[in-house]
Structure formats: structure tokens, C-alpha cells
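Asks: any chance you could fold what I've pasted below:
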Amino acid sequence: MNERSEIIALSDPQTEGETRRSADSSERAYNTIRKLLVEFKLKPEERINEVQLSRSLGVSRTPIREALNRLASEGFVSLTPNRGFFVRSLSTEGLLDLYELRTIIECAAFRLMCQRAEDDQIERLRAYWTAIVEGYQDHPPDVILAEDEGFHLLIAELSGNPELVHQLSSINARIRFIRRIQIEHRTHDKAQVSSHSAIVEAAMNRDIERGVELLRNHIEMTVSATQQALKDALLKVFAPGDASSKTRRRRA
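Replies: Down below sits the predicted model:
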């Protein structure tokens, strides 16, 4: 095969078309399964039947597996070796520990940002918030979650310590499913907009003590709302007379 033939073979339209179809199938499977999860159509701690999902979505198991791996990386499902994928538990066990660690990391990140970042770097935080603040609370829950994570990760990035970004990203992955539930719940506080705005103002003024206090209160408020959201979610998901629900509620 000459060089021209090799180029033609590498750009085979049929191969490119198959790749696009595979990517489309994976994205469709991801969106559908994620919707099933956040709407509690798949119960917490339930083993996910890949064969059943493949049949109901009319796709092969490959895009199902790709979607589940992506959801596992985002914290919506968990993978148990030799057993498969499971829906994340709604248990509050360990939740307070994670939020306590989040508080420590974010407050340290804010302090370092104020001490180390240049003015144009802190301006990035103001610009980020300005770009999303209008209609923030009216955005879809998934968008609010992504924007909120982006806001707090940017503070960690501006601290100049990559390990803080890594640790905060890890915590986000472990609490993302539960946070997604809380954002859609009635306890989601409309005051978050003013809270974020005040944090930005403290950053622009390099007011460390004020910013740390705001972050601490902001996260504590989220913890309280999340606990209530989880309690209501458990009542919503499991029927009162369901024996399996009693077992799960005892675990929670």
C-alpha cells in the first residue's frame, strides 16, 4: 500500500461514521442513565442491570459500560470488582467528615489566594461569577452544580497549590450525587447568590478573615440543607412497607 492509499484508509468515511455513532450512543446512554439516577428510577444501592439497560435503550453493552464508567468517575454510581455497578447510597455516613474536610481545604485555598495571587488572577474569579450570576438560581440543577464546583475550584486553583485542587476535586466526586439531590430540593438556599458575591468581594479586597468566615458559613449552610434533602429523598424513594427500604434506612 502506497502513502496515498494509507491516507485514504485512515480517513475512511465508514470508520468515521461508526465512531460518531458509537460516541452518540454513549452520550445518549449517559444522559438517560443519569436522568434515571437523579429521578430515583434506579434505587440507591441497587445493582445496575447492564443487559436490561442495553435492551431498553436499544444499544450494545459497550456504550452502556462507557456511560457507567463516566458516571462512576462523577460519583453517581460505584463500581465493585467482580460484581458490577451499583447506585450510590443515600447514607449520611461520612458526609459530615467530608464537608469538614471541604471547609478546611477551601478556607486554606482562599487564604493562599489572597496572599499569592496577582490582581489579574483574582479578577478571573470576579469575571467567572459575573458571567454566570444573572439567572443563576433559574439554571437547571446540573448547570448550577457544575458552575458552583467551578467557582470553588477556581479559588483552589488561584491558591497556587495544585494539591488543594486535587483534593477538592476528589471531595466533589464523592459528594456530587448527594449535592445534585440537594440543589433540586426545596432547601436549596436562594441566598447562595449573595453568598458567592460576598466571597468575590472579599477576594477582590484581599480580606482573608471575611472570606474565610463567608466560606465556612456557606458550607455549613449547605450541610444542613443536604441532610434534610437526604431524609426527604429516602422517604420519596422507598415505600413505607418495603422491607428493603427499612434495611437501607437503618444503614443511613
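Asks: pLDDT at residue 251, what is it?
Replies: Per-residue confidence (pLDDT) for residue 251: 45.
Asks: can you check residue 35 too?
Replies: 86.
Asks: how many other residues sit next to it?
Replies: Using other C-beta atoms under 10 Å, residue 35 has 12 other residues around it. Backbone N, C-alpha and C define where each C-beta goes, glycine included.
Asks: helix or strand: which one has it?
Replies: Taking DSSP states H and E as the definition, residue 35 sits inside helix 13-38.
Asks: pLDDT weak spots in the stretch 101-250 of the chain?
Replies: The stretch 101-250 of the chain contains residues with pLDDT under 70 at 186-190, 236-250.
Asks: pull the contacting residues for residue 154.
Replies: Residue 154 is in contact with 124, 125, 128, counting by C-beta atoms under 8 Å, 6 or more residues apart in numbering.
Asks: for residue 38, that is, sorry about that
Replies: Going by C-beta under 8 Å, 6+ apart, residue 38 touches 141, 180, 181, 184.
Asks: over to residue 207?
Replies: With contact set as C-beta under 8 Å, 6+ apart, residue 207 has these partners: residue 114.
Asks: roughly how far does it sit from residue 179?
Replies: Using C-beta to C-beta, to the nearest Å, residue 207 is found at 27 Å from residue 179.
Asks: residue 122 now?
Replies: In terms of C-beta to C-beta, residue 122 sits 26 Å off from residue 179.
Asks: for residue 161, same thing?
Replies: For residue 161, the distance to residue 179 - C-beta to C-beta - is 23 Å.
Asks: now the contacts of residue 154 as JSON lines including distance to residue 234?
Replies: Listed next are the contacts of residue 154 as JSON lines, based on distance: C-beta to C-beta, whole Å:
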{"residue": "124", "distance to residue 234": "40"}
{"residue": "125", "distance to residue 234": "37"}
{"residue": "128", "distance to residue 234": "35"}
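Asks: which among the residues you listed gets closest to residue 82?
Replies: Nearest to residue 82 among the contacts of residue 154 is residue 128, at 42.8 Å by C-beta to C-beta.
Asks: correct me, but the closest one touches residue 151?
Replies: Yes: shown here, residue 128 and residue 151 form a contact pair, counting by C-beta atoms under 8 Å, at 6.4 Å.
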